[in-house]
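Q: Got a predicted structure plus its sequence, pasted below:
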Amino acid sequence: MTRAKIELGDVTPHNIKQLKKLNTVVFPVSYNDKFYKDVLEAGELAKLAYYNDIVVGAVCCRIDTSENSRRLYIMTLGCLYPYRRLGIGTLMVEHVLKHVQVNNEGAIDFYKKFGFEIVETKEHYYKRIEPADAHVLQKTIRETPTPLLNGTVSHAKTNGHD
């Protein structure tokens, strides 16, 4: 049997509707037009994940720069249920600090596998989801010459939005 082909591709105006459909299925909240406009401008920070040429996942990030530090903010990271635990999330995640819904043990374990620790729990973080609390997971990574890898990774979530 041939090995499955898993690869990442750019989000473009031609496939943004696939991202919208995926997010509708994966996340319990809806994202507005500004979110998708920002995603189209995110370049390498927004990717669709393909499993044998079928869109099955996506990650959408941005860089926040403040006080001489750069933080990677993962707005969404998701994969269709039948394609989880196949390495797709691992491919999408390089280094993330994550807000994780408190009952999402699978997501919490996933990030802990990469060395993240729960550093805080934000009560009533989500407005229309139960439980409404979110964990903040953090991993400090050593500085490297690559700008996207510098500093502390922070402010990510599996579910939810700003």
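A: Everything's here; your move. Small disclaimer: the values here were computed from a predicted structure and weren't measured.

Q: This protein: helices as residue ranges?
A: Applying DSSP state H to the chain gives helices spanning 16-26, 33-40, 88-92, 105-113.

Q: Check the ones you listed for me and report the most buried one.
A: helix 88-92 (a mean of 19; mean count of other Cβ atoms under 10 Å). Placement of C-beta: from N, CA and C, glycine included.

Q: what comes into contact with that helix?
A: The contact list for helix 88-92, computed with Cβ atoms under 8 Å, 6 or more residues apart in numbering, reads 6, 8, 47, 49, 51, 56-59, 77, 79, 110.

Q: repeat for stretch 42-57
A: 4-11, 15, 18-19, 22, 39-40, 58-63, 72, 78-80, 83, 86, 88-89, 91-92.

Q: got the domain boundaries for the chain?
A: Using the TED database, the domain ranges for the chain come out as 6-101, 107-142.

Q: now the helices of the chain in CSV, with mean pLDDT and distance to Leu137?
A: Below are the helices of the chain laid out as CSV (pLDDT from 0 to 100; distance: least, Cβ to Cβ, whole Å):
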stretch, mean pLDDT, distance to Leu137
helix 16-26, 96, 19
helix 33-40, 93, 22
helix 88-92, 87, 14
helix 105-113, 73, 5
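
Q: how about JSON lines for the ones you listed, with distance to Pro131 added?
A: JSON lines is the format used below for the helices of the chain (distance: least, Cβ to Cβ, whole Å):
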{"stretch": "helix 16-26", "distance to Pro131": "18"}
{"stretch": "helix 33-40", "distance to Pro131": "23"}
{"stretch": "helix 88-92", "distance to Pro131": "22"}
{"stretch": "helix 105-113", "distance to Pro131": "12"}
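
Q: looking at these, which is closest to Glu120?
A: Closest of the helices of the chain to Glu120 is helix 105-113, at 13.4 Å (criterion: Cβ to Cβ).

Q: rewinding a little: which among the contacts of stretch 42-57 end up buried?
A: The neighbour-count test (16 or more other Cβ atoms under 10 Å) applied to these identifies 6, 8, 11, 18-19, 22, 39, 58-62, 72, 78-80, 83, 86, 88-89, 91-92 as buried.

Q: which residues of the protein fall in strands?
A: Counting by DSSP state E, residue ranges of the strands within the chain are 6-10, 46-51, 54-66, 69-79, 98-101, 117-122, 134-140, 152-153.

Q: ok, and the closest non-adjacent residue to Phe116?
A: Nearest in space to Phe116, with sequence neighbours left out and distances taken as Cβ to Cβ, 6 or more residues apart in numbering, is Leu137 at 4.1 Å.

Q: Which strand residues bridge Tyr51?
A: On the basis of DSSP bridges, Tyr51 is bridged to Ile6, Ile54.
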